[in-house]
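*Asks:* kindly generate the corresponding structure for this input.
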Amino acid sequence: MNYIREINAFYDWLETNSISDSAIGLWHALMHINNKSGWVTEFAVALSTLETKTGLKKDAIIRARLRLQQANRIDFKSRSGQLSAVYRIFFFDVSDVLNDTKCDTNRNANRAQTATLTAHKPQLLNKLEKTKKETPISPTLFDTFWNAYPKKLSKAAAKKAWDKIKPDEQLLVTMMATIERAKTSENWTKENGQYIPYPATWLNGERWKDEYPEKKSNSITDWVPGIPVS
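*Replies:* Below is the predicted model:
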């Protein structure tokens, strides 16, 4: 599973699909948990764990996961007693899922093809070189961060700060989750986002470590039929 490709696909999907900031934060938390679980088809996670990872309260998580289910981004099954709910994420790149499930079969087939590939190695190298030149460059980790950050100013300075930190995929996931929580904070929402820091300032200040209290909202985008709004 290509984690970064899924994040980029999710933000492309958000351009034409409206969900609450809470639902976006929950999606990131579920992706993070599934990544640590090895991209399994289904996984169980406690509400208390999701509260810690998202900064949301229980009722907000319940509304957010129902919204994600309605949007066909996840499915979940609640269980009785003290058992945690079981979640399933619907990935954008189905080919990655298919490749994961067919891994063992492909490994055996690859062994059988080794002799044939060796015989045609020069021709294959030429084709690979041609494909490399024609294939579009995939978005970088910085591109993913830049697309998610709401204040798109001083990109060169932001890139310089990024290269100094050299975030890996795991840190990027933490950054993305913090940005989604910050988008609902008072400082980031008042006066049309005037007080949102420049991306370079945010990076240099290691602001992904900031903690944001949950913002109570009666926004219609956070409402799900049958669930009262707190």
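
*Asks:* neighbours around Trp162, how many?
*Replies:* Trp162 has 21 neighbouring residues, counting by other CB atoms under 10 Å. Heads up, the C-betas are built off the backbone N, CA and C, glycines and all.

*Asks:* please name the nearest non-neighbouring residue to it.
*Replies:* The shortest distance from Trp162 to any residue that is not its chain neighbour, by CB to CB, 6 or more residues apart in numbering, is 4.9 Å, and that residue is Phe142.

*Asks:* quick one, strands of this structure?
*Replies:* Along the chain, counting by DSSP state E, strands occupy 43-45, 74-77, 85-89.

*Asks:* partners of the shortest one in the sheet?
*Replies:* Just to be clear, that refers to strand 43-45. strand 85-89 (antiparallel) (DSSP bridges).

*Asks:* give me the residues contacting the partner strand.
*Replies:* Under the criterion CB atoms under 8 Å, 6 or more residues apart in numbering, residues 30-31, 34, 41-45, 47, 65, 73-79 lie in contact with strand 85-89.

*Asks:* repeat that for 6 Å
*Replies:* Counting by CB atoms under 6 Å, 6 or more residues apart in numbering, the neighbours of strand 85-89 from elsewhere in the structure are 30, 34, 42-44, 74-78.

*Asks:* show me which of the residues you listed are buried.
*Replies:* In those, burial by neighbour count holds for 30, 34, 43, 74, 76, counting by 16 or more other CB atoms under 10 Å.

*Asks:* what is the most widely separated pair among those residues?
*Replies:* Of all pairs drawn from the buried ones among the contacts of strand 85-89, the greatest distance, 12.4 Å, lies between Asn34 and Phe76 (CB to CB).

*Asks:* in stretch 144-158, what's buried?
*Replies:* Of the residues in stretch 144-158, those with enough neighbours to count as buried (16+ other CB under 10 Å) are 144-146, 148-149, 151, 158.

*Asks:* just checking, Tyr212 touches Ser185?
*Replies:* Yes. The pair formed by Tyr212 and Ser185 meets the contact definition of CB atoms under 6 Å, at 4.7 Å.

*Asks:* quick revisit: so the residue nearest to Trp162 makes contact with Ala161?
*Replies:* No. In this structure Phe142 lies outside contact range of Ala161 using CB under 6 Å: 9.9 Å.

*Asks:* turn the contacts of strand 85-89 into TSV, including distance to Asp12 and pLDDT.
*Replies:* Written out in TSV, the entries for the contacts of strand 85-89 read as follows (distance: CB to CB, whole Å; pLDDT from 0 to 100):
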residue	distance to Asp12	pLDDT
Leu30	18	94
Asn34	20	93
Glu42	25	93
Phe43	25	94
Ala44	29	94
Ile74	18	94
Asp75	21	94
Phe76	24	94
Lys77	28	93
Ser78	30	90
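
*Asks:* export those to CSV and tack on distance to Ile196?
*Replies:* Putting the contacts of strand 85-89 into CSV (distance: CB to CB, whole Å) gives the following:
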residue, distance to Ile196
Leu30, 26
Asn34, 30
Glu42, 37
Phe43, 34
Ala44, 36
Ile74, 29
Asp75, 34
Phe76, 33
Lys77, 38
Ser78, 37
